[in-house]
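S.K.: I'll drop the sequence and a predicted model, then ask my questions.
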Amino acid sequence: MGSLVRKRLFFLVNSATRNHKPVVKRSQHRVAVNSTTESSQLSNDVVPVFKQATQFGDKPALHDMHGDYTYRGIFLSARQFANELTKLLGGTQQERVAFLLPNDASYVIVQWACWISGQIAVPLSDQHPASVLDYYINDADARVVVTTLEHLPLMESLLANSKKRLVVFEDTLRLLAMKADGKMANNRLFEHEFENSPEAGVKGDFYNNSDAMFIYTSGTTSKPKGVVLSHKNLQAQINALVSAWKYDSKDIILHALPLNHVHGVMNLLLCPMYVGARCIMLPKFETSSVWSQLLAVNLQNSERSNVFMAVPTIYMKLIHEYDQLFSKQPKIKEYIYTVCSTKIRLMVSGSAPLPKPIFDRWEEITGHRLLERYGMTETGMVLTNPLEGERIPGTVGNPFPSVEVRITKPESQGGNDTSVLVYGTSKKTHVVTKSQEPISGDLQVKGDSVFKKYWNKPDVTAKSFTSDGWFKTGDTAQYENGVYKILGRTSVDIIKTGGYKVSALEVETALLGHSDIIDCAVVGVPDTTWGQKVAAIIVLRPGTEVILSQLRTFGKKSLPEYAVPTILKVVDKIPKNSMGKVNKPDILKTFFVENQK
């Protein structure tokens, strides 16, 4: 390959012809902010995050491994990159722009640039192997792929025989967005673009009717699907979360999650930046880095995080490090408890079920009863324990504002997808059936936050919605004592054994109460006699041993006998994706291959 022509902002590689044509930076449109944001909200118009952000000016927006950034700085750099995308795409809109970028300000700049120029953002992750990245890029039919010099060789190999355009995002725009001294960003020379333009982004009602982002499903039960999220979807999700969890401009959110999932993109990035809060973005999750941030080691009070959200696996790892480093030091334990309980206002767990032992142990360490919630890529957040009020371990509370949920009778019990047992909103849940509690069945969701379609999969989309327009989550839910509980994915977490239905999640929670078990997964193994057998895959604390008979004796203390595992496998590690989710079909293929014949 010939030498690449590099320009001040970035350079472009034409993957089809291999000719390297530099992009010349020339800002053709002057866009700035005015006072239309409030009036747009009053008229129910969608207000994208980049428009909302313009009112925050030189307020600190983000801190990453490189330094600090203001809202003004990020906006101006995003405007410049948006101009280049517009030029590159010939002025067309709603093209897919895939980007593989680190967890730093460059991600935010490119995300906003996609939306300012009217394109659809498709975030990728460096945790995915080349084959998965190739699938996402081609499935999304991305016309442009943005990456860094670090990932250039990989991206060049993936796009070698395609007509997609590869853009290398250099550090210039990120550096321009940084707060170098005082309160001003380096790109203050472009101040006129911030102050004097009539309105940022595409004009008219574009954002009320256009798509914003593709997020790919985790693929734990089937091949990943591109979830098409509109700007209206994002607005509805932001409004619901801000209302329920009381995001505030004074919040400082600690962000240690991947940026290709709803949890990391919506809950920890878009919501705080929408209200003018500040994000502390770590390049990746590391237990030592998170503990340092939570305890504000070598930080001023003005830089102290007060909101933290993570997945159960992260909390489990933080507990493990705490036990190793601090558990025998009473003064440090007291300090950690005091700091976390008094300086941090909210800690949330999601993306996977939170085992009660982790809930209880985290409360012992920090004084926080983790707020567990439930959501999906297709719906955003759906159910939440209360910000203020009792949080019951193992439950996910009630619906978010503007979200409707219902539980329907499963087809296996003679029901159809509209046989409603329970219907609920954030204000009240109505039990329609006369059956005694608890009531369980298929969970369905409706609301402006729910996605519109799977990309290029009309048949799958049609099958995912009921005849009266409700999205079928594929999860089994239970309603009891005024709160909802997720029993698991209907296809893999509801085990049918000997005529009984067993929730794999409930069995996992029970097993994690064993002092020697640090992680586990429960699956249903096909069996000609029982239909399925309950099988447990466990990870043990170093130096310990558990045999099946001991496990069964322990399990019978909290589970009915039919739910206690009859198969046990001990492993060093349970494979999980970047969000801590277990792919149970893969678990079955990996550990029970003899049962798959």
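M.R.: Looks like it came in fine. Numbering: from 1, shown residues only.

S.K.: which stretches of the stretch 201-350 of the chain have low pLDDT?
M.R.: Along the stretch 201-350 of the chain, the parts satisfying pLDDT under 70 run over 219-222.

S.K.: for it, which segments are assigned as strands?
M.R.: Under the criterion DSSP state E, counting those that start in this stretch, the stretch 201-350 of the chain carries strands at the ranges 211-216, 226-230, 252-255, 278-281, 307-310, 346-349.

S.K.: quick one: strands adjacent to the second one?
M.R.: Sheet neighbours of strand 226-230, with direction, are listed as strand 211-216 (antiparallel), strand 453-454 (antiparallel) (DSSP bridges).

S.K.: which of the ones you listed is buried the deepest?
M.R.: Greatest average neighbour count among the strands paired with strand 226-230 goes to strand 211-216 (a mean of 24), per mean count of other Cβ atoms under 10 Å. Glycine gets a C-beta too; all of them are placed from N, C-alpha and C.

S.K.: residues in contact with that one: which ones?
M.R.: 48, 94, 96, 115, 120-123, 136, 140, 224-231, 233-234, 260-262, 265, 377, 452, 455 (Cβ atoms under 8 Å, 6 or more residues apart in numbering).

S.K.: list only buried entries from those.
M.R.: In the contacts of strand 211-216, burial by neighbour count holds for 48, 96, 115, 120-123, 136, 140, 224-231, 233-234, 260-262, 265, 377, 455, counting by 16 or more other Cβ atoms under 10 Å.

S.K.: out of those residues, list just those in helices.
M.R.: Counting by DSSP state H, the part of the buried ones among the contacts of strand 211-216 found in helices is 115, 136, 231, 233-234, 262.

S.K.: what's around the residue nearest to residue 453 when sequence neighbours are not counted, how many residues?
M.R.: Distances taken as Cβ to Cβ, 6 or more residues apart in numbering place residue 461 nearest to residue 453, at 4.6 Å, with adjacent residues excluded. Using other Cβ atoms under 10 Å, the number of residues around residue 461 comes to 17.

S.K.: what strand or helix carries residue 461?
M.R.: helix 458-463 (DSSP states H and E).

S.K.: any chance of TSV for the strands paired with strand 226-230, columns distance to residue 552?
M.R.: Listed next are the strands paired with strand 226-230 as TSV, based on distance: least, Cβ to Cβ, whole Å:
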stretch	distance to residue 552
strand 211-216	39
strand 453-454	42
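
S.K.: which of these sits closest to residue 103?
M.R.: strand 211-216 (16.0 Å; Cβ to Cβ).

S.K.: secondary structure element for the residue lying farthest from the centre of the chain?
M.R.: In the chain, the residue that sits farthest from the middle, by Cα atoms, centre = their mean, is residue 529; the gap is 40.1 Å. Here residue 529 is covered by no helix or strand, with elements defined by DSSP H and E.

S.K.: and if you look at the one 4 residues further on?
M.R.: With elements delineated by DSSP H and E, residue 533 resides in strand 531-540, which encompasses its position.

S.K.: after that strand comes which helix or strand?
M.R.: Criterion used, DSSP H and E; the element after strand 531-540 is helix 548-555.

S.K.: and that next one, how far from the chain's centre?
M.R.: Mean-position distance between helix 548-555 and its chain equals 36 Å (Cα atoms, centre = their mean, to the nearest Å).

S.K.: who touches whichever helix or strand comes after it?
M.R.: Using DSSP H and E, the helix or strand that follows helix 548-555 towards the C-terminus is strand 567-570. Residues outside strand 567-570 that contact it (Cβ under 8 Å, 6+ apart): 525, 533-540, 546-548, 551, 591-592.

S.K.: same question, stretch 103-112
M.R.: Outside stretch 103-112, the residues that reach it (Cβ under 8 Å, 6+ apart) are 49-50, 53, 62, 64-66, 69, 74-75, 77-78, 81-82, 97, 99, 101, 121, 123, 146, 148, 169, 171, 173-174, 177-178, 255, 258-259, 269, 273, 281-284.

S.K.: quick one: low-confidence parts of the stretch 451-597 of the chain?
M.R.: In the stretch 451-597 of the chain (pLDDT under 70), the answer is 578-579, 594-597.

S.K.: mind running it again at 80?
M.R.: Along the stretch 451-597 of the chain, segments meeting pLDDT under 80 span 499, 577-580, 593-597.

S.K.: among the contacts of stretch 103-112, name the ones in strands.
M.R.: Assignment to strands by DSSP state E places the following of the contacts of stretch 103-112 there: 62, 69, 97, 99, 121, 123, 146, 169, 255, 281.

S.K.: which single one of those residues is nearest to residue 385?
M.R.: Using Cβ to Cβ, the ones in strands among the contacts of stretch 103-112 come closest to residue 385 at residue 255, 21.2 Å.

S.K.: what packs against the longest helix belonging to the chain?
M.R.: Using DSSP H, we find that the single longest helix of the chain is helix 71-88. For helix 71-88, the contact count by 3 or more Cβ pairs under 8 Å, 6 or more residues apart in numbering; DSSP states H and E identifies strand 10-14, helix 49-53, strand 60-63, helix 105-116, strand 165-169, helix 172-177, strand 184-185, helix 191-195 as packing neighbours.

S.K.: ok, and what's touching the second one?
M.R.: This means helix 49-53. Contacts of helix 49-53 (Cβ under 8 Å, 6+ apart): 33, 36-37, 40, 61, 71, 74-75, 78, 112, 115-116, 199-201, 234, 238, 270, 273-274, 276.

S.K.: convert the C-alpha atoms of it to PDB, please.
M.R.: This file holds the C-alpha atoms of helix 49-53, laid out as PDB (Å, rounded to 0.1, in the frame of the first residue of the first chain):
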ATOM      1  CA  VAL A  49     -28.200  16.200  22.500                       C
ATOM      2  CA  PHE A  50     -25.900  18.500  20.500                       C
ATOM      3  CA  LYS A  51     -28.500  21.200  20.300                       C
ATOM      4  CA  GLN A  52     -29.300  20.900  24.000                       C
ATOM      5  CA  ALA A  53     -25.600  21.000  24.800                       C
END
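
S.K.: run the chain-centre distance for that helix.
M.R.: 20 Å.

S.K.: name the residues of that helix that are buried.
M.R.: 49-53.

S.K.: got a markdown table for the residues you listed, with distance to residue 560 and pLDDT too?
M.R.: Listed next are the buried residues of helix 49-53 as a markdown table, based on distance: Cβ to Cβ, whole Å; pLDDT from 0 to 100:
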| residue | distance to residue 560 | pLDDT |
| --- | --- | --- |
| 49 | 48 | 96 |
| 50 | 53 | 95 |
| 51 | 55 | 93 |
| 52 | 51 | 92 |
| 53 | 53 | 87 |
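
S.K.: out of those, which is nearest to residue 470?
M.R.: For the buried residues of helix 49-53, the nearest to residue 470 is residue 49 (28.3 Å; Cβ to Cβ).

S.K.: distance of the spatially most central residue of the chain relative to residue 248?
M.R.: Nearest to the mean C-alpha position of the chain, by Cα atoms, centre = their mean, lies residue 263 at 2.0 Å. Separation of residue 263 from residue 248 (Cβ to Cβ, to the nearest Å): 20 Å.

S.K.: same thing with residue 239?
M.R.: 15 Å.

S.K.: could you do residue 515 as well?
M.R.: From residue 515 to residue 248 the distance is 40 Å (Cβ to Cβ).

S.K.: cool, residue 276 as well?
M.R.: From residue 276 over to residue 248 (counting by Cβ to Cβ), the distance is 9 Å.

S.K.: equivalent analysis for residue 525, please.
M.R.: Residue 525 is 49 Å from residue 248, by Cβ to Cβ.

S.K.: so between these two, which is more surrounded?
M.R.: Using other Cβ under 10 Å as the criterion, residue 525 and residue 248 rank with residue 525 on top: 20 against 14.

S.K.: can you pull the contacts of that one?
M.R.: Neighbours of residue 525 in contact, by Cβ under 8 Å, 6+ apart: 532-535, 567, 588, 592, 595.

S.K.: that'll do, ta.
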